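>>> Based on what follows, work out the 3D shape:
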Amino acid sequence: MATIAHRDLAYRWFEEVWNGRKPEVIPELIAPDAVGHLPAGDLVGPEPFLDRVYRPFLAAFPDLHIGVEETLGDADDIAVRWLATGTHTGEPFLGLPPSGRPIRLRGITWIRYRDGQMIEGWDCWDSAALIAQLRGDNPPA
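A predicted model of the protein is given here:
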């Protein structure tokens, strides 16, 4: 599959799964044995991602939006630079009660594809900066 097709799959991931709130698309886009390398540790498969990442983020930030700022691809890999914005009005997150504060967080997700599905991914974002924003120590720029 060409790099452009992988880029389109990455856009689907952010637009449909995250912004469109379509968890039913996750098993279509993530292989059952896919490995996600996240700041809090590795996850394998769609269900752990749903339970430990997707649902907690959306429960804490009901208005979460992740915009794709840029992509860069090579063969089966696509790097996505993104900007997440939202307001902590939902559930507690990272041990902090709902603050009502806005967040603005940039990150990079590197995705490896095989046969039209994610087989490995790396997320890189500054969790300390997010915590500082939630505490009001460092308002979003």
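>>> Can you list phi and psi of Leu64 for me?
Dihedral angles of Leu64 (phi, psi; degrees, to the nearest 10) stand at phi -50, psi 130.
>>> My understanding was that it contacts Arg55; is that so?
No. The criterion here is Cβ atoms under 8 Å, and Leu64 misses it with Arg55 at 11.6 Å. Quick note: C-beta positions are derived from backbone N, CA and C, even for glycine.
>>> Ala10 against Arg81, yeah?
No. Ala10 lies out of contact with Arg81 (Cβ under 8 Å); the separation is 10.9 Å.
>>> Overlap in contacts, these two.
Counting by Cβ atoms under 8 Å, 6 or more residues apart in numbering, the contacts common to Ala10 and Arg81 are 68, 71.
>>> ok so, going back, who's more crowded, Leu64 and Arg55?
Between Leu64 and Arg55, counting by other Cβ atoms under 10 Å, Leu64 is the more crowded of the two (20 against 13).
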